[in-house]
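Participant: structure for the following, please:
(one chain, ligands or ions: 2)
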Amino acid sequence: ELAGSGERLRGRIHAELTRARRRSQLLTDAVDEHDLVRQHSPIMSPLVWDLAHVGNQEELWLVRDVGGRDPVRSDIDDLYDAFKHPRRDRPALPLLGPVEARSYVATVRDKVLDLLDGVRFGDRRLLADGFAFGMIAQHEQQHDETMLATHQLRVGPPVLTAPPPPRATVPVAGEVLIPAGAFVMGTSTDPWALDNERPGHRVELPAYLIDAAPVTNAAYLAFVADGGYADPRWWSEAGWRHRCEADLVAPMHWRRDGADWGYLRFGRFSPLIPDEPVVHVGYHEAEAYAAWAGKRLPTEAEWEKAARWDPDTGRSRRYPWGDGEPTPEHANLGQRHLTPASVGAYPAGASPLGVHQLIGDVWEWTSSPFQGYPGFAAFPYREYSEVFFGPRYQVLRGGSFGTDPVACRGTFRNWDLPIRRQIFSGFRCARDAGPERAYPGDLGRT
Ligand code: AVJ
Ligand code: FE
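Facilitator: Residues are numbered from 1 along each chain as shown. Ligands and ions are numbered 1, 2, ... in the order given. Have a look, this model is predicted:
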């Protein structure tokens, strides 16, 4: 540990844990006790489960493992083990009530802040650069995003408010050519990167075109109006089967408003804003739209090269704009706003080649199933990522307006089932550049 750097790290950890807790409190204090314990959808937990689960993970990793202290409540470990009880069964469990859950998470936090004071970051790999604390701050923020999705599913008068996102200030349209070549995907050095983001490894890609912005409501509406949901030509076999079984006709939360469409957002109805990224679409819908548009979804590597590769130096950076932490000018993150922002609202967040809004706004589906990178090693536990590897889950990238910056970066990987659309998911398209586009000098001569 460099002199003084331990103190800076302690301060950063304290700030991240506190920020996460403020968010959890905002999301759980916004509703009454009945709303906290009820299940708003069989695919979501009661909000009070998320709250106590966050505290229980913090107890397991920080109080017991890092701190070596006695358990606060070892009797409830089983209730809050996500692998023991599927979401639909959680309301029937003898969960802590709202008052007990709040007092439990506060007790755990007091102990954590106490042990943070004396912890030595160099002692174990789990503690290097404060990783265990960073993992727990990210975990709480991930559940805060899940709780925000539960709020979106909740029926009743609105309880959450936030100012609208900034308006578009630059025109953004079309595609950006990413030249052929290798780049470093993932990271071996980002201190709080999770196991599935590691290690950094070279990936060689042919030239490709990627949309300069996520697909907007207007563009998606054209697919809907063209009968896209009624034409199996655009859908994969599994996608079409699901579209029929679930009777999908439009993104989740879209509602007809006479001849037009609007959406229900956190209890309020509004007309579609045409130049906002479409949100609440599943992987199958994203794939169908891309086929209809004559394109495809980007692979995960294509998404990451567009987001991180610096054409001047060849280096992979942390974000599209560089290595600096996101500010409100860079990206729509952190639940500052409760909608995606219009395309063109974040010129300062664009990549050097002109790809916009890769970070924030909406999670973007990629065509890649969730897999470990070459050299992957589970750390610190297999259940964070490894048990989800395989063809069942698709990777999403970039974070949404509901994602906190601590859990969002160019290497961050999210995953979900292809049918899921309660998450803040959208997409952008890509396509092969073709030989004539790979050699700009040949343009017009073929
Ligand atoms: C990475 C968002 C898929 O919510 O299932 C929370 C994050 N892991 N608790 C999830 C997570 C354990 C995870 N996702
Ligand atoms: Fe969890």
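
Participant: how about the residues of this protein by ligand 1?
Facilitator: H139, Q142, H143, T146, N414, W415 (CB under 6 Å from any ligand atom). The way it works is simple: take the backbone N, C-alpha and C, and place the C-beta from them, glycine included.

Participant: export the one helix or strand the last one maps to as CSV, just CAs?
Facilitator: Right, the one you point to is W415. Per DSSP states H and E: W415 is located in strand 413-416. Provided in CSV are the C-alpha atoms of strand 413-416 (Å, rounded to 0.1, in the frame of the first residue of the first chain):
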residue,chain,number,x,y,z
ARG,A,413,-21.1,-7.8,-18.8
ASN,A,414,-24.8,-8.4,-18.0
TRP,A,415,-26.8,-11.4,-19.1
ASP,A,416,-30.4,-12.5,-19.2
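
Participant: partners of it, with directions?
Facilitator: Applying DSSP bridges to the sheet, strand 413-416 is found paired with strand 394-397 (antiparallel).

Participant: list of residues touching the partner strand?
Facilitator: By CB atoms under 8 Å, 6 or more residues apart in numbering, the surrounding residues in contact with strand 394-397 are 283, 300, 303-304, 307, 358, 363-370, 412-418, 423, 425.

Participant: tell me the mean pLDDT for stretch 263-279?
Facilitator: Average pLDDT, stretch 263-279: 97.

Participant: straight-line length of that stretch, end to end?
Facilitator: Stretch 263-279 has an end-to-end distance of 10 Å (CA to CA, to the nearest Å).

Participant: next, the buried residues of it.
Facilitator: The neighbour-count check on stretch 263-279 (16 or more other CB atoms under 10 Å) flags Y263, R265, F266, L272, I273, D275, E276, P277, V278, V279 as buried.

Participant: which parts of the stretch 251-400 of the chain are helices?
Facilitator: Taking DSSP state H, counting those that start in this stretch, the helices of the stretch 251-400 of the chain run over residues 283-292, 300-308.

Participant: now the helices for the stretch 101-250 of the chain?
Facilitator: Assigned by DSSP H, counting those that start in this stretch, the stretch 101-250 of the chain shows helices spanning 131-153, 217-225, 237-245.

Participant: tell me which residues of the longest one are tucked away?
Facilitator: It refers to helix 131-153. In helix 131-153, counting by 16+ other CB under 10 Å, buried: 131-152.

Participant: do the same with the second one
Facilitator: By neighbour count with 16+ other CB under 10 Å, helix 217-225 contains the buried residues N217, A219, Y220, L221, F223, V224.

Participant: contacting residues for the first one?
Facilitator: What that stands for is N217. Counted by CB under 8 Å, 6+ apart, N217 has contacts L272, I273, P274, D275, E276, P277, V278.

Participant: give me that answer again for 10 Å
Facilitator: By CB atoms under 10 Å, 6 or more residues apart in numbering, N217 lies in contact with 224, 251, 254, 261, 263, 271-279, 340, 342, 426.

Participant: with the fifth one instead?
Facilitator: If a contact means CB under 10 Å, 6+ apart, then F223 has 215, 229, 231, 234, 250, 278, 285, 288-293 as its contacts.

Participant: closest one of these to G398?
Facilitator: Using CB to CB, V215 is the member of those that lies nearest G398, at 13.2 Å.

Participant: I'd say the closest one and C429 touch.
Facilitator: Yes: when contacts are counted by CB atoms under 10 Å, V215 is listed as touching C429 (6.6 Å).

Participant: these two: which is more packed in?
Facilitator: Neighbours around V215 and C429, counted as other CB atoms under 10 Å, are more numerous at V215. The numbers are 24 against 21.

Participant: in the stretch 51-200 of the chain, which residue sits closest to ligand 1?
Facilitator: Using CB to the nearest ligand atom, Q142 is the residue of the stretch 51-200 of the chain that sits closest to ligand 1, at 4.3 Å.

Participant: check the stretch 201-350 of the chain too.
Facilitator: Counting by CB to the nearest ligand atom, the stretch 201-350 of the chain gets nearest ligand 1 through Y283, at 13.7 Å.

Participant: so that residue touches F427, yeah?
Facilitator: Yes: if you go by CB under 10 Å, Y283 and F427 touch, sitting 8.4 Å apart.

Participant: measure stretch 308-317 end to end?
Facilitator: The first residue of stretch 308-317 is 5 Å away from its last residue (CA to CA).

Participant: the residue most central in space within the chain: what's it in contact with?
Facilitator: Centroid check for the chain by CA atoms, centre = their mean gives G399 as the closest residue, at 3.7 Å. G399 makes contact with 145, 326, 331-334, 358-364, 405, 407-409, 412, 414, 424, according to CB under 10 Å, 6+ apart.

Participant: which phi and psi does it have?
Facilitator: Per-residue torsions, G399: phi 80, psi 160 (degrees, to the nearest 10).

Participant: for the closest residue to it other than its chain neighbours, grab phi and psi.
Facilitator: If the residues on either side of it in the chain are set aside, G399 comes closest to C408, at 3.6 Å by CB to CB, 6 or more residues apart in numbering. Main-chain dihedrals, C408, degrees, to the nearest 10: phi -150, psi 130.

Participant: and C408, how far from G239?
Facilitator: From C408 across to G239, the span is 28 Å (CB to CB, to the nearest Å).

Participant: neighbour count for these two, which is higher?
Facilitator: Between C408 and G239, counted using other CB under 10 Å, C408 has the larger neighbour count: 25 against 22.

Participant: how about G402, what does it touch?
Facilitator: Applying CB under 10 Å, 6+ apart to G402 gives the contacts 141, 144-149, 151-152, 279, 332-335, 337-338, 340, 360, 362-363, 423-424.

Participant: could you count how many residues lie near D312?
Facilitator: D312, neighbours per other CB under 10 Å, totals 6.

Participant: with adjacent residues omitted, what lies nearest to it?
Facilitator: Nearest residue to D312, sequence neighbours excluded (CB to CB, 6+ apart): P352, at 7.0 Å.

Participant: if I look at the one you found, how far off is L160?
Facilitator: Plainly put, P352 is 36 Å away from L160 if you go by CB to CB.

Participant: more crowded one of those two?
Facilitator: Neighbour count, other CB under 10 Å: between P352 and L160, L160 has more, with 18 against 14.

Participant: I'd like to know how far that one sits from D361.
Facilitator: With the distance defined as CB to CB, L160 ends up 18 Å from D361.

Participant: got it, and D432?
Facilitator: Relative to D361, D432 is positioned 26 Å away (CB to CB).

Participant: neighbour count for the two, which is higher?
Facilitator: Taking other CB under 10 Å, D432 and D361 do not tie; D361 has more neighbours (33 against 13).

Participant: how about that one, what does it touch?
Facilitator: Counting by CB under 10 Å, 6+ apart, D361 touches 165, 213-214, 276-277, 279, 331-333, 337, 339-343, 345-346, 349, 398-401, 403, 424, 426.
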